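Undergrad: Below are the sequence and a predicted model; questions follow.
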Amino acid sequence: MSKEEFLAAFAEQFDETDASDIKFDTKFQGLEDWSSLAAMSVIALIRTRFNKAVTTKEIRSCETVEDLFNLVSAK
Amino acid sequence: MLLKYGCATLRAIEPSDSELLLKMMNDSEIEMNTVGEHAPVSANQQNQWVSGYKNDDRNIRLMIELANGKTIGMISLTSIDYKNGTAHTGFKIGCPFEDRMKHDTFDACVALYLYAFQYLRLNCIEGQTLEENAFSLNLQKRLGFQVEGVLRERVFKNGEYRNLVSTSLLKRDFLEKINK
């Protein structure tokens, strides 16, 4: 899984935020359409496309997209 | 009258909702991210609560049913004050990801708040949310809620005092937001 692949897939989970506005240093929990549904979509994405398991609690502990990428990579 | 907006329909609580309500009551993840706290609830206690519950002038609790036929949670207006036109709001979602639909909680809130502002003639809906609950605070922002202040160390959860964000939604802000 490349970093860029992860970023693109992550950005696809948002309805309102333009994908180009989501960068590695984006504090995603502050995005207006970061919702419980978006979080569940991200968990499902990580499970199906990257074959890793993360919990809502772990996602909450990440500040930026890069933090999340590092979390997934370390699994 | 059923309340509808987008993919959400709000309906009265039925005996068949006991299972979902019980699951939400005993869910530790929900407990950690909401203000209330309670001892474990048994199926029997939950059934008794459901059979005895009736919406009234002061408190309205409704189930959120989606266009896909799935019931995903409950939403409420409580402590309704007709003189000042105020009420508190809250919601809980406790279903699997597969049951959810895009904008489901947003649509459920809009359905309830349209009812609150246009039929009950309320003017202000108040919320209280744990500071760490970004999901709920973001949703409130999308609906037009404004933060009124932070109640410092007001809730004791998981061994520590946590801040509570006090928010409110005025009728005029809400109508402006959803009519955009």
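TA: Now that the structure is in, tell me what you want to look at. Numbers count the residues shown, from 1 in each chain, chains lettered A, B, ... in the order given.

Undergrad: Please point out which parts of the worst-scoring helix or strand of chain B on mean pLDDT sit buried.
TA: When each helix and strand of chain B is scored by mean pLDDT, DSSP states H and E, helix B:28-33 comes last, with a mean of 82. By 16 or more other Cβ atoms under 10 Å in any protein chain shown, the buried positions in helix B:28-33 come out as B:Ile30, B:Met32, B:Asn33. Where C-beta positions appear, they are placed from N, C-alpha and C, glycine not excepted.

Undergrad: so what's the last one up against?
TA: So that's B:Asn33. By Cβ atoms under 8 Å, 6 or more residues apart in numbering or on different chains, the contact set of B:Asn33 is B:Leu130, B:Glu132, B:Asn133, B:Phe135, B:Ser136.

Undergrad: For chain A, what lies in contact range of chain B?
TA: Residues of chain A lying near chain B by Cβ under 8 Å from any Cβ of the partner chain: A:15, A:29-37, A:39-41, A:43-44, A:56-57, A:60.

Undergrad: so how far is B:Gln146 from B:Asn84?
TA: Distance, B:Asn84 to B:Gln146, using Cβ to Cβ, to the nearest Å: 18 Å.

Undergrad: need the next SSE after the biggest helix by length in chain A, C-terminal direction.
TA: When chain A is parsed with DSSP state H, its longest helix is helix A:36-49. Following helix A:36-49 in sequence order, the next helix or strand is helix A:56-60 (DSSP states H and E).

Undergrad: How far off centre is that following helix?
TA: 10 Å (Cα atoms, centre = their mean, to the nearest Å).

Undergrad: For that helix, give the mean pLDDT please.
TA: For helix A:56-60, the mean per-residue pLDDT is 90.
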